[in-house]
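Visitor: Pasting the sequence and the predicted model now:
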Amino acid sequence: GIQVEQSPPDLILQEGANSTLRCNFSDSVNNLQWFHQNPWGQLINLFYIPSGTKQNGRLSATTVATERYSLLYISSSQTTDSGVYFCAVGGDFGNEKLTFGTGTRLTIIP
Amino acid sequence: DGGITQSPKYLFRKEGQNVTLSCEQNLNHDAMYWYRQDPGQGLRLIYYSQIVNDFQKGDIAEGYSVSREKKESFPLTVTSAQKNPTAFYLCASSILPGQVYYNEQFFGPGTRLTVL
């Protein structure tokens, strides 16, 4: 099956800093999603981005499908950005299960 | 409000007991999924269903069972055969599978199961 690797595993930043989270995957995909898991465990959808670039406020994401990686950018970090960020990918059409990476734990210090 | 609900939020079970976790969605999604998350780990797929009365095993189906009698409901039973059931369980749904351009999954708030 598809392998998903996220880096770095942990990231500690001062409030206001920028960060880049990376997701590498081992095969072609038709679905790539970025999630933020809050302290209560809720998975919040950030981006659905199997290819291309999207932006939503201080967050943006880029997926280069041909090179099998995706990047999540967070600018001007706030303490509410703390949590775990997951990348998840899906492979075949008609079988839309997601394979998750192990996440990046982001801690923003005031 | 459209969304996915899971109940209960917390569940405690004695060893040897079966328990059923509820998942309901009113998004009119065809596909539903159950994932398990262990501490410090990503999510792993237990079962998924693309249409009513049909479901498939995921990567870690042993010790679990599901049913899909209604489009909006996909309950998960954790049986006594599951050797290490303590975990966080998340349910998800997505629109009709096979739609090429948009099959984003959305998640419920989860159920934390603890076996005593």
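Guide: Noted; the coordinates are in hand.
Visitor: In space, what's closest to residue B:107 - neighbours in sequence excluded?
Guide: residue A:43 (4.1 Å; CB to CB, 6 or more residues apart in numbering or on different chains). For every residue, glycine as well, the C-beta is placed using N, CA and C.
Visitor: backbone phi and psi for that neighbour, please?
Guide: phi -90, psi 120 (degrees, to the nearest 10).
Visitor: Ok, residue A:79 next?
Guide: Torsion angles, degrees, to the nearest 10, at residue A:79: phi -60, psi -30.
Visitor: How much space separates residue B:116 from residue B:16?
Guide: Counting by CB to CB, to the nearest Å, the separation of residue B:116 from residue B:16 is 11 Å.
Visitor: how close does residue A:102 get to chain B?
Guide: Distance of residue A:102 to chain B, given as CB to the nearest CB, to the nearest Å: 5 Å.
Visitor: Tell me the bridge partners for the most centrally placed residue in chain B.
Guide: Residue closest to the average C-alpha location in chain B (CA atoms, centre = their mean): residue B:34, at 2.5 Å. Per DSSP bridges, the residues bridged to residue B:34 are residue B:47, residue B:91.
Visitor: Could you check the pLDDT of it?
Guide: The model reports residue B:34 with a pLDDT of 97.
Visitor: wait, isn't it in contact with residue B:77?
Guide: No: using CB atoms under 8 Å, residue B:34 is not in contact with residue B:77; the gap is 10.4 Å.
Visitor: hmm, back to that, the residue nearest to residue B:107: neighbour count?
Guide: Residues near residue A:43, counting by other CB atoms under 10 Å in any protein chain shown, number 25.
Visitor: re earlier: need the overlap of contacts for residue B:34 and residue B:77.
Guide: Taking CB atoms under 8 Å, 6 or more residues apart in numbering or on different chains as the criterion, residue B:34 and residue B:77 both touch B:64, B:66.
Visitor: wouldn't residue A:7 be in contact with residue A:20 here?
Guide: No: using CB under 8 Å, residue A:7 makes no contact with residue A:20, being 9.8 Å away.
Visitor: what about chain B, any weak spots by pLDDT?
Guide: Applying pLDDT under 70 to chain B flags the ranges B:1-2, B:96-102.
Visitor: Pick out the residue of it closest to chain A.
Guide: residue B:42 (3.4 Å; CB to the nearest CB).
Visitor: Now do the contacts for that residue.
Guide: When contacts are counted by CB under 8 Å, 6+ apart, residue B:42 touches A:4, A:86, A:88, A:100, A:101, A:102, A:103.
Visitor: does the closest residue to residue B:10 other than its chain neighbours have beta-bridge partners, and which?
Guide: Closest residue to residue B:10 apart from its sequence neighbours, by CB to CB, 6+ apart: residue B:112 at 5.1 Å. Assessed by DSSP bridges, residue B:112 has beta-bridge partners residue B:10, residue B:88.
Visitor: I'd say residue B:112 and residue B:9 touch.
Guide: Yes: in terms of CB under 8 Å, residue B:112 counts as a neighbour of residue B:9; the distance is 7.1 Å.
Visitor: Could you check which of these two has the larger neighbour count?
Guide: Between residue B:112 and residue B:9, residue B:112 has the larger neighbour count (other CB under 10 Å), namely 15 against 11.
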